[in-house]
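K.L.:
okay, sequence plus prediction incoming.
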Amino acid sequence: MLAQVIFYALAALTVGSAMLVAFSRNIVYSTFALLGAFMGVVGIYILLAADFVAMVQLLVYVGGILVLTIFAVMLTAGIGDVTVSNRAVGTGAGIFTVGIAGLVMLYAIERTQWHQVAAVTPAPTTYAIGNAFLGDYVLPFEVASLVLLAALIGAIVISRHEARE
């Protein structure tokens, strides 16, 4: 019962924050509301006993992307005073699309035969993921790291080339 209450609270936090991101007229408020949406997703991952995915979400999205976005918004001069003048464009089409998507989801929820499984005790997943990265998947892991290194070197070369011009 407590897990369900926590889940619904996290779901409300996530959806409410996402709505604030989408409907806020101020980009600074939208950026800070994004923090609530990301943290709600982290909480849902923790409830699912996906501790590795939760920490990756926390480090990459909250620690990296959100902080970068906040810095970009704060360092852009006058961005907080920007008002969007054409907020009414596409509202009808958007409401229609959301309504159709909601009806499809409700139909799928009602018509699906849900299978109940016995409750399992959550166990940490990081040990198994670490063993997989250093065992069966060591070659793809190293290839991915080389691809990321090549992309980083390419970005540095391109930015230095543009700076010289």
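P.N.:
Cool, the structure landed.
K.L.:
which element is the most centrally placed residue in the chain on?
P.N.:
Geometric centre of the chain, nearest residue: F38, 5.5 Å, by CA atoms, centre = their mean. Using DSSP states H and E, F38 sits in helix 27-47.
K.L.:
list the buried residues of that helix.
P.N.:
Neighbour counts over helix 27-47 (16 or more other CB atoms under 10 Å) mark 27, 30-46 as buried. From N, CA and C alone the C-beta is placed, and that goes for glycine too.
K.L.:
ok, the nearest residue to Y29 once chain neighbours are set aside - contacts?
P.N.:
Of all residues not flanking Y29 in the chain, L20 sits nearest, at 6.9 Å (CB to CB, 6 or more residues apart in numbering). By CB atoms under 8 Å, 6 or more residues apart in numbering, the residues touching L20 are 29-30, 33, 36.
K.L.:
quick one: the longest helix along the chain to chain centroid distance?
P.N.:
Secondary structure of the chain read by DSSP state H shows that its longest helix is helix 138-164. With CA atoms, centre = their mean, to the nearest Å as the basis, helix 138-164 stands 24 Å off its chain's centre.
K.L.:
can you name every helix or strand that the lowest-mean-pLDDT helix or strand in the chain contacts?
P.N.:
None of the helices or strands of the chain scores lower by mean pLDDT, DSSP states H and E than helix 67-75, at a mean of 80. Under the contact criterion of 3 or more CB pairs under 8 Å, 6 or more residues apart in numbering; DSSP states H and E, helix 67-75 touches helix 27-47.
K.L.:
the helix or strand just after the helix it packs on: which residues count as buried?
P.N.:
Proceeding N to C from helix 27-47, the next assigned helix or strand is helix 51-56, under DSSP H and E. Neighbour-count burial for helix 51-56, counted by 16+ other CB under 10 Å, picks out 51, 53-54.
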